[in-house]
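Student: Below is the sequence, then the predicted model.
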Amino acid sequence: MSTAAGRHRAVLIVSPSEARRRDWSAVVADDRTEVTTCAGPNEQCVLTRGLESCPLVAQCDVALYDFDATAPPFLATLLRAHRAAEIVLVRDRMVRGKHRPSVVLRRRPRGSAVEATI
């Protein structure tokens, strides 16, 4: 997806917590942002099953992963499989009873003009 003027961007939010996915989606959603969510790596995840890439990550402009639920071996697999993807690790913080993402680490592909608004 392209983020050029007038175009939509795609954001993937990955967390095992349904509440975090819901609240984080509300933070990044706007009229130009399509948000997709995923419960994260488990036995059904294509990356943990040995496939070369995840179709959800491949179709997004930015992928936000729950830092607390992303194991280092999985993160290494993800980063190798999607070298051109912007991957953002976020930690949860509570603000007025709502979950809010707080950036811990951002890996942007070189030459990327994509900005995650968090």
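Tutor: Yep, it's here.
Student: quick one: the helices in this structure?
Tutor: Ranges of helices in the chain, per DSSP state H, are 18-28, 55-58, 72-81.
Student: who touches the residue lying closest to Arg100 once chain neighbours are set aside in this structure?
Tutor: Nearest residue to Arg100 in three dimensions, chain neighbours excluded: Arg93, at 5.2 Å (CB to CB, 6 or more residues apart in numbering). Quick note: C-beta positions are derived from backbone N, CA and C, even for glycine. The contact partners of Arg93, taken as CB atoms under 8 Å, 6 or more residues apart in numbering, are 99-102.
Student: Among those residues, name the ones in strands.
Tutor: Mapping the contacts of Arg93 onto strands (DSSP state E) picks out 99-102.
Student: For the residues you listed, give me a markdown table that also has pLDDT.
Tutor: Putting these into a markdown table (pLDDT from 0 to 100) gives the following:
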| residue | pLDDT |
| --- | --- |
| His99 | 96 |
| Arg100 | 95 |
| Pro101 | 95 |
| Ser102 | 94 |
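Student: Only the buried subset of those residues, as a ChimeraX command please.
Tutor: In ChimeraX syntax, the buried subset of the ones in strands among the contacts of Arg93 is picked out as below (16 or more other CB atoms under 10 Å):
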select :99,100,101
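Student: how close does the residue in the chain sticking out farthest from the centre sit to Arg108?
Tutor: Distance to the chain centre peaks in the chain at Arg96, reaching 23.2 Å (criterion: CA atoms, centre = their mean). As defined by CB to CB, to the nearest Å, Arg96 lies at a distance of 30 Å from Arg108.
Student: repeat for Leu47
Tutor: 20 Å.
Student: got the contact list for the residue lying closest to Ser25 once chain neighbours are set aside?
Tutor: Leaving aside its chain neighbours, Ser25 sits nearest to Val35 (4.6 Å; criterion: CB to CB, 6+ apart). Going by CB under 8 Å, 6+ apart, Val35 touches 10-13, 25, 28-29.
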